[in-house]
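Visitor: Predicted coordinates and the sequence they were generated for:
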Amino acid sequence: MKPQTIDEVLQEMDGIIERSIHEKSFLGIFAYIYRQTTARIKEEIEQGNFENNDRLSGFDVVFANFYLDAFRKYREGEPVTESWRVAFEAQNKKLTIIQHLLLGMNAHINLDLAITASEVMDKKPIAELENDFIKVNDILAGLLDEMQSKIAKASMMMFLLDWIGKRTDEEIINFSIKEARKQSWRLANEIWSLEGAAKEYRIKQADRSIGEIGNFISKPKSGLLRFVLKIIGRFEPAEPAAVINKLKL
């Protein structure tokens, strides 16, 4: 049965984190940081910091269930979106911490967040959600900034990404949350305005494009970026449990 409350979502995420640690799966990295995000949003709702806190509580549960459903389906061999397939197939790949994190964020923010907004506001003016939608992403961006310093503790050579971060196509690896949320809101409005087969087609079309971004994150075309990521990876913990423990510090 799907979680119906944020507390139930958090419990489900705790299970995924523990399972990932036990199975030595790098999927626990995104799960841990997403769990922190969800807990922060819960605090903001309890403090009444959204325009419509009841709606946002339901929104957060619907949003989280896209991830939880995808995780369950993948484990059970059922089809998932292309975006999540790319992220989940990297579970045992020795990518860098930032790559594993970005793969999950790519699927969940660029695609799931847009679909969630269109579903929650179905038959209602989607513009009414915009301020709270932006606030959710502000919280996410703030938490990511906070996590960057913790990621640096587990990834001694992360500074190398700053060195190449402004160079042509390498910039995509920095995955701007600001740009992602803009894209997600545009897509949400587009999906919301469609119905039936047209809506399904647009979602699948977006999924293919977002899946391609995931492929680039997993295996960049740039030789320079691949080389730098390889160096970064050599100085990172080999075990997912060690990464998550450092993120908790």
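Guide: Cool, got the structure.
Visitor: C-alpha only now, for contacts and for neighbours.
Guide: OK.
Visitor: What segments of the protein are strands?
Guide: Per DSSP state E, the chain carries no strands over any range.
Visitor: List the residues that contact Val9.
Guide: Val9 makes contacts with Pro3, Val61, Ala64, Asn65, as judged by Cα atoms under 8 Å, 6 or more residues apart in numbering.
Visitor: Show me the two of those residues that sit farthest apart.
Guide: Using Cα to Cα, those span at most 8.9 Å, a distance reached by Pro3 and Ala64.
Visitor: Pick out whichever of these two has more residues nearby.
Guide: Ala64 (24 against 16; other Cα atoms under 10 Å).
Visitor: Now the more buried one: closest residue in space, sequence neighbours ignored.
Guide: Nearest non-adjacent residue to Ala64, counting by Cα to Cα, 6 or more residues apart in numbering: Val9, 6.9 Å away.
Visitor: confidence score at that neighbour?
Guide: Note for Val9: predicted pLDDT of 98.
Visitor: Now do it against Tyr34, distance only.
Guide: 11 Å (Cα to Cα, to the nearest Å).
Visitor: do Glu46 as well
Guide: Distance from Glu46 to Tyr34, by Cα to Cα: 18 Å.
Visitor: Sketch out the low-pLDDT regions of the protein for me.
Guide: Residue ranges of the chain with pLDDT under 70: 145, 158-178, 249.
Visitor: where along it do the helices fall?
Guide: Under the criterion DSSP state H, helices of the chain are mapped to 6-23, 27-46, 53-75, 82-88, 97-107, 113-120, 130-154, 159-164, 177-192, 196-218, 223-234, 240-247.
Visitor: Among the contacts of Val9, pick out the one closest to Gly142, please.
Guide: Nearest to Gly142 among the contacts of Val9, counting by Cα to Cα, is Ala64 at 18.7 Å.
Visitor: ok, for Trp84, nearest residue in space, not its chain neighbours?
Guide: Nearest one to Trp84, counting by Cα to Cα, 6+ apart, is Ala107 at 5.7 Å.
Visitor: Report the separation between the one you found and Ala127.
Guide: Distance from Ala107 to Ala127, by Cα to Cα: 23 Å.
Visitor: Nearest residue to the middle of this structure?
Guide: Per Cα atoms, centre = their mean, the C-alpha nearest to the average position across the chain is that of Met105, at 2.1 Å.
Visitor: which residues sit in contact with that one?
Guide: Contacts of Met105 (Cα under 8 Å, 6+ apart): Phe30.
Visitor: and what of Ser25?
Guide: Counting by Cα under 8 Å, 6+ apart, Ser25 has contacts Gln91, Asn92, Pro240.
Visitor: got the phi/psi numbers for it?
Guide: phi -100, psi 130 (degrees, to the nearest 10).
Visitor: I'd like the distance between it and Asn92.
Guide: Counting by Cα to Cα, the gap from Ser25 to Asn92 is 6 Å.
Visitor: neighbours of Ala127, just the number please.
Guide: Using other Cα under 10 Å, Ala127 has 10 neighbouring residues.
Visitor: same question, Ala154
Guide: Ala154 has 20 neighbours, counted by other Cα under 10 Å.
Visitor: what comes into contact with stretch 241-249?
Guide: By Cα under 8 Å, 6+ apart, the surrounding residues in contact with stretch 241-249 are 21, 24, 28-29, 32, 97, 147, 150-151, 153-154, 236-237.
Visitor: repeat that with 6 Å
Guide: Ile21, Lys150, Ala154 (Cα atoms under 6 Å, 6 or more residues apart in numbering).
Visitor: Using JSON lines, lay out the residues you listed together with distance to Arg181.
Guide: JSON lines is the format used below for the contacts of stretch 241-249 (distance: Cα to Cα, whole Å):
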{"residue": "Ile21", "distance to Arg181": "30"}
{"residue": "Lys150", "distance to Arg181": "23"}
{"residue": "Ala154", "distance to Arg181": "27"}
